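Trainee: Below is the sequence, then the predicted model.
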Amino acid sequence: ANQLKLIDQHCPFWIDLCVSGGKYASSFAVWYNNRIELRSYQECDDLVRGTRVATLINSIYSPRMSSSERLRRSIGYILSNPVIPAKGKLNVMSKFHSRKHMSLI
(Lines give C-alpha, C1' and ligand atoms only; values in the text may rest on other atoms or scores of the structure.)
Protein backbone atom coordinates (compact mmCIF):
# COMPACT_ATOMS: atom_id res chain seq x y z
CA ALA A 1 0.00 0.00 0.00
CA ASN A 2 2.84 2.42 0.83
CA GLN A 3 4.59 1.64 -2.46
CA LEU A 4 1.42 2.40 -4.44
CA LYS A 5 1.07 5.69 -2.58
CA LEU A 6 4.63 6.66 -3.61
CA ILE A 7 3.92 5.59 -7.20
CA ASP A 8 0.76 7.72 -7.23
CA GLN A 9 2.67 10.74 -5.91
CA HIS A 10 5.26 10.59 -8.72
CA CYS A 11 3.00 9.54 -11.60
CA PRO A 12 -0.60 10.14 -10.51
CA PHE A 13 -2.43 9.34 -13.76
CA TRP A 14 -2.36 8.72 -17.48
CA ILE A 15 -4.75 10.21 -19.98
CA ASP A 16 -5.61 9.64 -23.63
CA LEU A 17 -5.53 12.94 -25.53
CA CYS A 18 -7.06 13.58 -28.94
CA VAL A 19 -4.07 14.58 -31.09
CA SER A 20 -5.30 14.87 -34.68
CA GLY A 21 -7.70 13.32 -37.11
CA GLY A 22 -9.63 11.64 -34.32
CA LYS A 23 -6.53 9.74 -33.14
CA TYR A 24 -5.57 9.46 -29.50
CA ALA A 25 -2.21 9.33 -27.76
CA SER A 26 -1.53 8.34 -24.17
CA SER A 27 0.27 10.82 -21.95
CA PHE A 28 1.45 10.36 -18.39
CA ALA A 29 1.34 12.94 -15.62
CA VAL A 30 4.70 13.16 -13.84
CA TRP A 31 5.37 15.20 -10.72
CA TYR A 32 8.60 17.14 -11.34
CA ASN A 33 9.94 20.47 -10.02
CA ASN A 34 6.85 21.03 -7.90
CA ARG A 35 4.43 20.71 -10.80
CA ILE A 36 2.75 18.06 -12.89
CA GLU A 37 4.00 17.71 -16.46
CA LEU A 38 2.83 15.42 -19.24
CA ARG A 39 5.18 12.88 -20.83
CA SER A 40 4.45 10.88 -23.96
CA TYR A 41 3.95 7.13 -23.96
CA GLN A 42 7.18 6.73 -25.94
CA GLU A 43 9.24 8.78 -23.46
CA CYS A 44 7.91 6.71 -20.57
CA ASP A 45 8.41 3.45 -22.41
CA ASP A 46 12.02 4.45 -23.18
CA LEU A 47 12.63 5.07 -19.47
CA VAL A 48 11.27 1.66 -18.43
CA ARG A 49 12.70 -0.41 -21.28
CA GLY A 50 15.69 -2.51 -20.25
CA THR A 51 14.79 -2.50 -16.57
CA ARG A 52 13.13 -5.19 -14.48
CA VAL A 53 10.59 -2.76 -13.11
CA ALA A 54 7.67 -3.96 -15.29
CA THR A 55 8.30 -7.54 -14.14
CA LEU A 56 8.36 -6.37 -10.53
CA ILE A 57 5.11 -4.42 -11.00
CA ASN A 58 3.48 -7.53 -12.52
CA SER A 59 4.55 -9.64 -9.56
CA ILE A 60 3.17 -7.18 -6.98
CA TYR A 61 -0.08 -6.07 -8.63
CA SER A 62 -2.77 -7.71 -10.72
CA PRO A 63 -1.58 -8.97 -14.10
CA ARG A 64 -4.97 -7.91 -15.49
CA MET A 65 -4.15 -4.18 -15.49
CA SER A 66 -3.85 -2.39 -18.82
CA SER A 67 -0.47 -1.78 -20.44
CA SER A 68 -0.90 1.97 -19.80
CA GLU A 69 -1.57 1.39 -16.10
CA ARG A 70 1.40 -0.98 -15.88
CA LEU A 71 3.59 1.68 -17.50
CA ARG A 72 2.24 4.37 -15.15
CA ARG A 73 3.09 2.27 -12.12
CA SER A 74 6.52 1.46 -13.56
CA ILE A 75 7.26 5.17 -14.12
CA GLY A 76 6.08 6.02 -10.61
CA TYR A 77 8.20 3.22 -9.16
CA ILE A 78 11.34 4.38 -10.99
CA LEU A 79 10.82 8.02 -10.00
CA SER A 80 10.02 7.19 -6.37
CA ASN A 81 13.00 4.92 -5.76
CA PRO A 82 16.51 6.30 -5.46
CA VAL A 83 17.91 3.30 -7.31
CA ILE A 84 20.94 3.85 -9.51
CA PRO A 85 19.66 3.45 -13.07
CA ALA A 86 21.03 0.72 -15.33
CA LYS A 87 23.94 1.62 -17.60
CA GLY A 88 22.77 4.24 -20.06
CA LYS A 89 19.65 5.05 -18.02
CA LEU A 90 21.17 8.21 -16.56
CA ASN A 91 21.17 9.69 -20.06
CA VAL A 92 17.56 8.58 -20.63
CA MET A 93 16.50 9.98 -17.24
CA SER A 94 18.29 13.24 -17.99
CA LYS A 95 16.47 13.57 -21.33
CA PHE A 96 13.20 12.57 -19.65
CA HIS A 97 13.42 15.54 -17.27
CA SER A 98 15.07 18.08 -19.56
CA ARG A 99 12.54 18.32 -22.39
CA LYS A 100 9.95 21.04 -22.54
CA HIS A 101 6.56 19.62 -21.60
CA MET A 102 3.10 20.90 -21.03
CA SER A 103 2.66 21.78 -17.38
CA LEU A 104 -0.73 21.15 -15.80
CA ILE A 105 -0.22 23.19 -12.62
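Mentor: That came through fine.

Trainee: how about the strands in the protein?
Mentor: 13-20, 23-32, 35-40 (DSSP state E).

Trainee: Just put these in TSV and tack on mean pLDDT, distance to Arg52 and mean neighbour count.
Mentor: In short, each C-beta sits where N, CA and C put it, glycine included. TSV is the format used below for these (pLDDT from 0 to 100; distance: least, Cβ to Cβ, whole Å; neighbours: other Cβ atoms under 10 Å):
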stretch	mean pLDDT	distance to Arg52	mean neighbour count
strand 13-20	91	21	12
strand 23-32	91	20	17
strand 35-40	89	21	17
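
Trainee: Compare the ones you listed and give me the one nearest Val53.
Mentor: Closest to Val53 of the strands of the chain, according to Cβ to Cβ: strand 23-32, at 14.1 Å.

Trainee: how much does that closest one deviate in direction from strand 35-40?
Mentor: Here strand 23-32 points in a direction 140 degrees away from that of strand 35-40 (axes from the mean of the first three to the mean of the last three Cα atoms, to 10 degrees).
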